[in-house]
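S.K.: Structure here, sequence nowhere to be found:
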C-alpha cells in the first residue's frame, strides 16, 4: 500500500526546491542584490517591475503563476529589477503617496 502522506510531502518538498532553485537563478541573472540598498539575502529579495506595471502584466497574462518561470521562459527581459522586501514596500508606498497628492 502506498503511503500517500509521505508521497505528498515528497512532491511538496521537490516543488519547493525547484521554486527556490529557479528564484536563485533568476535573482543571479538580475544581479543578486537589492538595487536600492545592496542587500544580498535571497530570502527577502523580490523581482520588481521597474515601471510599476505589475498589475497590467498580470492582467495581460493571467496564466503566469511564477514570475521567475516567466522571466526564464522570456530570456530575462529588461524592465525588471531586484528589491529587498523593505525597499519594495518603500517604492510602492512612495508611488501611492504621489498619486494621492495629485488627487488633492
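M.R.: Nice, thanks for sending it over. Small disclaimer: the values here were computed from a predicted structure and weren't measured. Numbering: from 1, shown residues only.
S.K.: Quick check: residue 47 is in a strand.
M.R.: Yes: when DSSP: H, G, I helix; E, B strand; the rest coil is applied, residue 47 is found to be in a strand.
S.K.: In this structure, which residue is most central in space?
M.R.: The centroid of the chain falls nearest to residue 47 when counting by Cα atoms, centre = their mean (3.8 Å).
S.K.: Would you agree that one is in contact with residue 79?
M.R.: No: in this structure, residue 47 is not within contact of residue 79 by Cβ atoms under 8 Å, at 10.4 Å. Backbone N, C-alpha and C define where each C-beta goes, glycine included.
S.K.: Report the distance from the worst-scoring helix or strand of the chain on mean pLDDT to the chain centre.
M.R.: Among the helical and strand segments of the chain, the one scoring lowest on mean pLDDT, DSSP states H and E is helix 54-60, with a mean of 71. Offset of helix 54-60 from its chain centre (Cα atoms, centre = their mean, to the nearest Å): 14 Å.
S.K.: So which elements touch the next helix or strand after it?
M.R.: Using DSSP states H and E, the helix or strand that follows helix 54-60 in sequence is helix 67-73. The elements that helix 67-73 packs onto, with contact taken as 3 or more Cβ pairs under 8 Å, 6 or more residues apart in numbering; DSSP states H and E, are helix 4-29, strand 45-49.
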